[in-house]
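Visitor: predicted model and sequence follow; I will ask about them next.
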Amino acid sequence: MPPAKSGEDHAAWIAQVAEKALEPDLPICDAHHHLWLDRGHTGWPYTLQDLHADTDTGHNIVRTVFLECHAEYRKQGPKHMAPVGETEFIVQLAEQSRASGKAEIAAIMGNADVTLGDAVEEVLNAHEDAGQGLFRGVRYIMATDDHPPLAMGVDAKMTDFNYLDGVRKLGAMGYTYDAMVYHPQLPALADVAKACPDTPIVINHLGGFLGTGPYKDKREEILGQWLEAMKLLAECPNTFLKLGGIGMPMMGFRWDKQALPPTSEALAAPWAGPIQAVIEIFGPDRCMFESNFPVDKRGAGYVVLWNAFKRIAKGYSADEKKDLFHNTAATAYRITTI
């Protein structure tokens, strides 16, 4: 649900904690952000200008990857083609970002109903035409749970033949599949990865680690289950993992309810162990940090969030940091590496 604060009030809350960017020269590809003109998923707009206001604050954000968020869908024509409107919207902003000299939107992950099976090809071709060389694949959210606030109205199951055919079609056409599920669904996602070995699969938001509702106050128990599922996924060489989402309320830390937003030390403290554990499981060349802005902005500021990630990654080598902060995302989304 959108937070109670207005956009202006929330910005004032975020501004109470200011930090200088750590390792300001480290090149970063922000592997996951959104843009929308309406209230979106936070309660306020998040435009290209807002993105650049965040990325231009000390960290060396050279590129970004846009992830679908149901923005500016087509209002006319067949329903299954409506998501192409989002790609048409973002490609214009990507052109503006290239001309701005600020962080460049270098890849677009759109939406398509992969449960169409092979028939999803029509939608993918339309995205490709609209994307002007930036379309890289699809995120199709399968996250669902019996706890009502976490339910997303998912109809298909990950065992559905049409769903699997759609995921395979993405790989056959050279595209990436971004998968958003909750941590209890991770073993099923591992089965998807095994059934679709030619499709690169990027697991969103640490695999949807939950800490609210029936999962509240069960962190250690859930961590054990989560790590075992992560090992299953890491056995599939076509999987990548996004390290982020730690500002979302569903993770169980209600940073947004505090009088002051967290510092980077406070953010890093509960997440350093789990994140370092999955980096060891997958390897830095299959893990990528993400801002998930503006959704994670509900919990922390942009500089603070990336400082937290840099604190967590402090012990890794220069080459490993290059992967974690830029090159893994570049590989998964076919962007130039550094």
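Guide: Yep, that arrived.
Visitor: is it correct that Ile28 falls within a helix?
Guide: No: assessed with DSSP: H, G, I helix; E, B strand; the rest coil, Ile28 is strand; it does not lie in a helix.
Visitor: I'd say it and Trp306 touch.
Guide: Yes: using Cβ atoms under 8 Å, Ile28 makes contact with Trp306 at a distance of 7.0 Å. (Glycine included, C-beta is placed from N, CA and C.)
Visitor: okay, and the common contacts of these two?
Guide: Shared contacts of Ile28 and Trp306, defined by Cβ atoms under 8 Å, 6 or more residues apart in numbering, are found at His59, Phe289.
Visitor: neighbour count for these two, which is higher?
Guide: Regarding Ile28 and Trp306, a neighbour count based on other Cβ atoms under 10 Å identifies Trp306 as having more, with 29 against 25.
Visitor: now the more buried one: which helix or strand?
Guide: Under the criterion of DSSP states H and E, Trp306 resides in helix 302-312.
Visitor: next helix or strand past that helix?
Guide: Using DSSP H and E, the helix or strand that follows helix 302-312 in sequence is helix 318-322.
Visitor: check which helices and strands the helix or strand that that following helix is followed by sits against.
Guide: Next helix or strand after helix 318-322 toward the C-terminus (DSSP H and E): helix 328-332. In terms of contacts (3 or more Cβ pairs under 8 Å, 6 or more residues apart in numbering; DSSP states H and E), helix 328-332 is packed against strand 27-33, strand 60-67, strand 239-243, strand 287-289.
Visitor: strand 239-243 and the second one, what's the angle between them?
Guide: With axes from the mean of the first three to the mean of the last three Cα atoms, to 10 degrees as the basis, strand 60-67 and strand 239-243 are set at 120 degrees to each other.
Visitor: what about strand 60-67, distance to the chain center?
Guide: Strand 60-67 sits 11 Å away from the centroid of its parent chain (Cα atoms, centre = their mean, to the nearest Å).
Visitor: average model confidence for the helix or strand following that strand?
Guide: Using DSSP H and E, the helix or strand that follows strand 60-67 in sequence is helix 84-100. Throughout helix 84-100, pLDDT has a mean value of 98.
Visitor: burial measure for Lys79, as a count.
Guide: Residues near Lys79, counting by other Cβ under 10 Å, number 9.
Visitor: what's near enough to touch the residue nearest to the spatial centre of the chain?
Guide: Centroid-nearest residue in the chain: His32, 4.1 Å away (criterion: Cα atoms, centre = their mean). By Cβ under 8 Å, 6+ apart, His32 lies in contact with Val65, Leu67, Asn204, Lys242, Gly244, Glu290, Ser291, Asn292.
Visitor: what sits closest to the third one if chain neighbours are left out?
Guide: I take that to be Asn204. Met180 (4.2 Å; Cβ to Cβ, 6 or more residues apart in numbering).
Visitor: what do you get for the last one?
Guide: With Cβ to Cβ, 6+ apart as the criterion, Asn292 has its nearest non-adjacent residue at 4.9 Å, and that residue is Gly244.
Visitor: residue ranges of the helices in the stretch 51-200 of the chain, please?
Guide: Listed in chain order, the helices of the stretch 51-200 of the chain (DSSP state H, counting those that start in this stretch) span 84-100, 121-131, 161-172, 186-195.
Visitor: what's the closest of those helices to Tyr46?
Guide: helix 84-100 (11.2 Å; Cβ to Cβ).
Visitor: count the neighbours of the closest residue in space to Met158 that isn't next to it in sequence for me.
Guide: Leaving out its chain neighbours, the residue that sits closest to Met158 by Cβ to Cβ, 6+ apart is Ala188, at 4.6 Å. Around Ala188 there are 14 other residues, counting by other Cβ under 10 Å.
Visitor: how near is Ala188 to Phe209?
Guide: According to Cβ to Cβ, to the nearest Å, Ala188 and Phe209 sit 16 Å apart.
Visitor: ok, now Pro284?
Guide: From Pro284 over to Phe209 (counting by Cβ to Cβ), the distance is 20 Å.
Visitor: great, nothing more from me.
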